[in-house]
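Participant: Prediction below, plus the sequence it came from.
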Amino acid sequence: MAKSQALKAALSYSSWPLVFVGGLAGSYFAFTSSHPIAAFLAVYAGAVLSLFLLERYIPYEVQWLEGDGETVNSIGHTLLTKGLVQLAAAAAVIFPMLTANVLQPLAAMRFDLWPSQLPMIVQVALAVTIAEFGLYWAHRIAHETVFFWRFHALHHSVVRLWVVNTGRFHVADSLFKIALSQIPLYFMGAPLQVFWWLGAVTAFIGILTHCNVDMKTGPLDYVFSTPRLHRWHHSKQLPEGNTNYGENLVIFDLIFGSYHNPDRPSSTDIGIKGEIAKGFLPQLVQPFTREGVRQIIGKDKKLN
């Protein structure tokens, strides 16, 4: 029993850095292989499996291990937003690079501002920080305006957090975030490999922030978006939920006053006031109908 408790305590403190650093180490070998994307997907799948097992060994909230009827829908949204949307984003980067002679107006808008001479680790850190500014504001706007909340509410409609619903985003929500975060990097002339690394960092922090694992992150809470901080962000209470907008880093939460990290266990009372449609396709369509928006924002009467 004592050994088991000691192991659980050790995993609570070490699991976040182990998964994050291990994921990035695996990404390095993936990106230098002959099949970088396929290899990265294998590394990512391994990280997801690791967190899935940790959720059952050291869960933060035991009740979140119970089914909520949304697993299939969450997987569907993940495959769509993390699959097709990411492929579209990658194509948006690669295609102009390969067809500059055809797309001269677009190619001419790119500026050679990217510090390609710096070590890749420095370039990646710079890209993550620049992208974070766009991600932060895309996320904050999605919470503070009804037009964008109608799409983002799908992500917050879950009543439990676990690794599978990490990618539960409406496709329009994901496209908005990609536009604000990646377009500046493109116009600065960032190379394709930088985009790969940005995607890797975002992928691993994403599954870590949403996992149901009792992780002790301490000082990491003042640098990265962590499970502790993100649980506050999913709180039903608006003063708690409208905080911690950072996707990967919390620098802009600290700068713009939206950082929330009180000295008590983070919230498990999560969800939204409104209602999300049942079923994968209805959830995609709901934000585009008047009645659907009324349901999402929890209005008792139809919108004028």
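Facilitator: Thanks, I have the structure now. This is a predicted model, so every value here is computed, not measured.
Participant: Please identify the buried residues of stretch 13-23?
Facilitator: Buried positions in stretch 13-23, judged by neighbour count with 16 or more other Cβ atoms under 10 Å: 15, 16, 19, 20, 23. Every residue, glycine included, has its C-beta placed from N, CA and C.
Participant: which outside residues touch that stretch?
Facilitator: 43-44, 47, 50-51, 54, 58, 200, 203-205, 207-208, 213, 215-217, 220, 226-227 (Cβ atoms under 8 Å, 6 or more residues apart in numbering).
Participant: same deal with stretch 33-53?
Facilitator: Here stretch 33-53 makes contact (Cβ under 8 Å, 6+ apart) with 19, 22-23, 26-27, 29-31, 163-164, 196, 200, 203-204, 207-208, 211, 213.
Participant: sorry, back to before: between all of the buried residues of stretch 13-23, which two are at the greatest distance?
Facilitator: Pairwise distances across the buried residues of stretch 13-23 peak at 11.9 Å for 15 and 23 (criterion: Cβ to Cβ).
Participant: what ranges of the stretch 51-200 of the chain fall below the confidence cut-off?
Facilitator: 67-110 (pLDDT under 70).
Participant: mind running it again at 50?
Facilitator: For the stretch 51-200 of the chain, the stretches flagged by pLDDT under 50 are 85-86, 88-104.
Participant: That one: helices as residue ranges?
Facilitator: 71-79, 85-98, 104-108, 120-144, 146-156, 171-188, 192-210 (DSSP state H, counting those that start in this stretch).
Participant: doesn't residue 263 make contact with residue 228?
Facilitator: No - using Cβ atoms under 8 Å, residue 228 is not in contact with residue 263, being 11.2 Å away.
Participant: So those two - more neighbours on which side?
Facilitator: Regarding residue 228 and residue 263, a neighbour count based on other Cβ atoms under 10 Å identifies residue 228 as having more, with 21 against 4.
Participant: Spell out which residues sit in contact with residue 298, please.
Facilitator: Counting by Cβ under 8 Å, 6+ apart, residue 298 has contacts 272, 273, 274, 275.
Participant: Among those, which one has the most neighbours?
Facilitator: Result: residue 272 is most packed of those (other Cβ under 10 Å), 21 neighbours.
Participant: Can you give me the distance of that one to residue 132?
Facilitator: As judged by Cβ to Cβ, to the nearest Å, residue 272 and residue 132 stand 25 Å apart.
Participant: what do you get for residue 169?
Facilitator: The value you get for residue 169 to residue 132, if Cβ to Cβ is used, is 17 Å.
Participant: repeat for residue 186
Facilitator: For residue 186 relative to residue 132 (Cβ to Cβ), the value is 16 Å.
Participant: Of the two, give the one with the bigger neighbour count.
Facilitator: residue 132 (24 against 18).
Participant: Tell me the confidence at residue 282?
Facilitator: Looking at residue 282, its pLDDT is 89.
Participant: Find the helix or strand that it is a member of.
Facilitator: Assessed by DSSP states H and E, residue 282 sits inside helix 280-285.
Participant: And that helix, what's buried?
Facilitator: 283, 284.
Participant: Please name every helix or strand in contact with that helix.
Facilitator: On a contact count with 3 or more Cβ pairs under 8 Å, 6 or more residues apart in numbering; DSSP states H and E, helix 280-285 meets helix 71-79.
Participant: on that earlier part again, can you dump the C-alpha coordinates of the helix holding residue 282 into PDB?
Facilitator: Below are the C-alpha coordinates for helix 280-285, written out as PDB (Å, rounded to 0.1, in the frame of the first residue of the first chain):
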ATOM      1  CA  PHE A 280     -22.500  14.700 -34.400                       C
ATOM      2  CA  LEU A 281     -24.100  16.300 -37.500                       C
ATOM      3  CA  PRO A 282     -26.800  18.300 -35.500                       C
ATOM      4  CA  GLN A 283     -23.900  19.700 -33.400                       C
ATOM      5  CA  LEU A 284     -22.200  21.000 -36.500                       C
ATOM      6  CA  VAL A 285     -25.400  22.500 -37.900                       C
END
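Participant: Next, the angle helix 146-156 makes with the helix or strand just after it.
Facilitator: Where DSSP H and E defines the elements, the next helix or strand beyond helix 280-285 is helix 290-297. Counting by axes from the mean of the first three to the mean of the last three Cα atoms, to 10 degrees, helix 290-297 lies at 60 degrees to helix 146-156.
Participant: mind saving the C-alpha coords of helix 290-297 as CSV?
Facilitator: Output of helix 290-297 as CSV, limited to C-alpha atoms (Å, rounded to 0.1, in the frame of the first residue of the first chain):
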residue,chain,number,x,y,z
ARG,A,290,-31.6,30.9,-35.1
GLU,A,291,-33.2,28.4,-32.8
GLY,A,292,-29.8,26.6,-32.4
VAL,A,293,-28.1,29.8,-31.2
ARG,A,294,-31.0,30.4,-28.8
GLN,A,295,-30.4,26.9,-27.4
ILE,A,296,-26.7,27.3,-27.1
ILE,A,297,-26.8,30.6,-25.2
